[in-house]
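[1] Sequence unavailable; structure follows:
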Ligand SMILES: Nc1ncnc2c1ncn2[C@@H]1O[C@H](COP(=O)(O)OP(=O)(O)OP(=O)(O)O)[C@@H](O)[C@H]1O
């Protein structure tokens, strides 16, 4: 991507007491991108987000927002951030519009035209003059997002925005976040512990495990409609006469193991033919080869399984 990143985390580390909660986390979020911050409960998503939005200091490393360091140029950096980290405070006895007007008064740069614009962006135009107490959870969240983007921040940060939403609410959230990213060029950072939701919503995800980033990957673009997951990594099953010998021959060709007399390899799909040739040339009889494309779901579960086992 050629455009400068809106958010750049570089070796962000947080130590609380003697525990390193966040360990050298680095990633970038670009303009117009919906970026997922994915990790199991307790992996450190909220802590990282609190540092990005200035609610918590860093132990080391740095965060740049629109090229301003939050350590050395905090006011310039933070003005470019809109966020919903905890539940947004709304006056339930006022209408959605009155709530937005109330926040707009605190920020002289926000015009009535801008309020109208954000109301349309989040799709609340039909209900904006209803009292907030009559809003569903999804509508309250839209109002929260409308409020967070009123001052045209370059970065919008939402911590677990799908929590409590039904599938229709999640779909709507996805649609208006994409509209926001496309129409206003906003970089959107959303956290979640649910991969299935991130796959529907995001262009890229970073996977966090025990305070460390273990993977950053694209999850859109190269997959067909309805197909889930990234087709690059494949689990290949080789049925051979001597699995142990075959495993030895393939040492260094990717992760391998023997299960029920079958040799299982995690390998790039394109490498399968070369692996087969190597086995045959070494005198191994190959009776069958089966490939199974690992979905991002499989990989995420594999990556995070150690977390639950301990
Ligand atoms: N102020 C604190 N003092 C001590 N430990 C903390 C503090 N804040 C967070 N932690 C610990 O840091 C780890 C990461 O917590 P964090 O809330 O960032 O994770 P998370 O990925 O957002 O999880 P969840 O989805 O459950 O909120 C947890 O083990 C938590 O207990």
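    Right, received. Where do you want to start? Note that the structure is a prediction, hence the values are computed from the model and not measured. Numbers count the residues shown, from 1 in each chain.
[2] Could you measure from the spatially most central residue of the chain over to the ligand?
    Among the residues of the chain, the one closest to the centroid is residue 36, at 1.2 Å (C-alpha atoms, centre = their mean). Per C-beta to the nearest ligand atom, to the nearest Å, residue 36 is found 13 Å from the ligand. To be clear about C-beta, it is placed using only N, CA and C from the backbone, and glycine gets the same treatment.
[3] A helix includes that residue, no?
    No. Counting by DSSP: H, G, I helix; E, B strand; the rest coil, residue 36 is not part of a helix but strand.
[4] Please verify my assumption that it contacts residue 200.
    No. Using C-beta atoms under 8 Å, residue 36 makes no contact with residue 200, being 9.9 Å away.
[5] Surely residue 141 and residue 170 touch.
    No. If you go by C-beta under 8 Å, residue 141 and residue 170 don't touch, sitting 10.5 Å apart.
[6] show me the contacts for the residue nearest to residue 39 when sequence neighbours are not counted.
    Distance criterion C-beta to C-beta, 6 or more residues apart in numbering; nearest residue to residue 39, sequence neighbours excluded, is residue 208 at 3.4 Å. Contact analysis of residue 208 by C-beta atoms under 8 Å, 6 or more residues apart in numbering lists 25, 37-39, 43-45, 48, 214.
[7] Now with 6 Å, please.
    39, 43-44 (C-beta atoms under 6 Å, 6 or more residues apart in numbering).
[8] Same list (the residues you listed) but as JSON lines, adding secondary structure.
    Formatted as JSON lines, these follow (three-state DSSP):
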{"residue": "39", "secondary structure": "coil"}
{"residue": "43", "secondary structure": "coil"}
{"residue": "44", "secondary structure": "coil"}
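[9] Which of these sits closest to residue 59?
    Using C-beta to C-beta, residue 44 comes nearest to residue 59 of the contacts of residue 208, at 12.7 Å.
[10] What parts of the stretch 151-300 of the chain come near the ligand?
    Proximity of the stretch 151-300 of the chain to the ligand (C-beta under 6 Å from any ligand atom) is limited to residues residue 193.
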